[in-house]
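Enquirer: can't give you the sequence, but here's the structure:
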């Protein structure tokens, strides 16, 4: 039998120091190469995280919303200019009524909070909510109005929340907008191409360079279906509330090491 090194249990402060040192090392490495301009994020694993801890599902959503705030800061620190977060799909309305109501209250609270958050206002973050907004309750719509009005003139960083969102429905909505313009004589049918359709999507033609999904599933789940045609995809087993800055930086580094071919 070979020798086995004894397991050393490091004190908490030492572990934190090691993590911070590793984060600084990763940041220096990342800043030496181009970073993705637009990152899409499928926020998956909140409920399973809560279950693993013996908590109710909505506790996982609350913890996940804390991670969202950190994630926005990590994106800005690395130089990402746009982040689109998949928070709630149209299919999610079929979940238990109590969970949906709790999520809607959470959205209303967090979005309204962003409208007065110094990190958002001083950082020049333009916040938008994308999806079938008519499906949302009044308190969420009011919070959306507050944050979008407060940040509409900013362009240093774009933060999109996909709520009541479905990728197929987004394409249908874009097609209907184009058809209406053709019927009004504002557009010729022959003018419709990939770029034209893209500009009529919720994201306005800004396709993600990288899409990250937490929670261990390896699928897009109706997220940015048109825009993701040439996106780099990265799936991680980590549940979203447990997603760390180190995880994010490692994925950015992995992206930088890939060769994007855009179908060629």
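Expert: It's in. The model shown is predicted, which means the values in this text are computed figures rather than measured ones.

Enquirer: for stretch 239-251, what is the average pLDDT?
Expert: The average pLDDT within stretch 239-251 is 95.

Enquirer: Now do the buried residues in it.
Expert: Judged by neighbour count using 16 or more other Cβ atoms under 10 Å, the buried positions of stretch 239-251 are 239, 240, 241, 242, 243, 245, 248, 249, 250, 251. Where C-beta positions appear, they are placed from N, C-alpha and C, glycine not excepted.

Enquirer: can you put those in a markdown table and add distance to residue 215?
Expert: Below are these laid out as a markdown table (distance: Cβ to Cβ, whole Å):
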| residue | distance to residue 215 |
| --- | --- |
| 239 | 6 |
| 240 | 6 |
| 241 | 10 |
| 242 | 10 |
| 243 | 9 |
| 245 | 18 |
| 248 | 15 |
| 249 | 19 |
| 250 | 17 |
| 251 | 14 |
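
Enquirer: So, low pLDDT: which residues of the chain?
Expert: Filtered on pLDDT under 70, the chain yields the residue ranges 1-12, 14, 263-264.

Enquirer: Walking through it, point out its helices one by one.
Expert: With DSSP state H, the ranges of helices along the chain come out as 12-30, 46-52, 57-78, 97-114, 118-122, 138-151, 167-183, 194-199, 245-257.

Enquirer: So for residue 161, which of the ones you listed sits nearest?
Expert: helix 97-114 (7.4 Å; Cβ to Cβ).

Enquirer: Next, count neighbours for the residue lying closest to residue 100 once chain neighbours are set aside.
Expert: The shortest distance from residue 100 to any non-neighbouring residue, by Cβ to Cβ, 6 or more residues apart in numbering, is to residue 93 (6.2 Å). Look at residue 93: counted by other Cβ atoms under 10 Å, it has 14 neighbours.

Enquirer: same deal with residue 65?
Expert: With other Cβ under 10 Å as criterion, residue 65 counts 20.

Enquirer: how near is it to residue 73?
Expert: Taking Cβ to Cβ, to the nearest Å as the measure, residue 65 and residue 73 are separated by 14 Å.

Enquirer: Same check on residue 111?
Expert: For residue 111, the distance to residue 73 (Cβ to Cβ) stands at 17 Å.

Enquirer: neighbour count winner among the two?
Expert: Neighbour tally, residue 111 and residue 73, criterion other Cβ under 10 Å: the higher count belongs to residue 111, 23 against 12.

Enquirer: ok, now which ones touch the more buried one?
Expert: With contact taken as Cβ atoms under 8 Å, 6 or more residues apart in numbering, residue 111 is in contact with 127, 129, 140, 143, 144, 146, 147, 161.

Enquirer: Against residue 142, how distant is it?
Expert: From residue 111 across to residue 142, the span is 9 Å (Cβ to Cβ).

Enquirer: Ok, residue 222 next?
Expert: As judged by Cβ to Cβ, residue 222 and residue 142 stand 27 Å apart.
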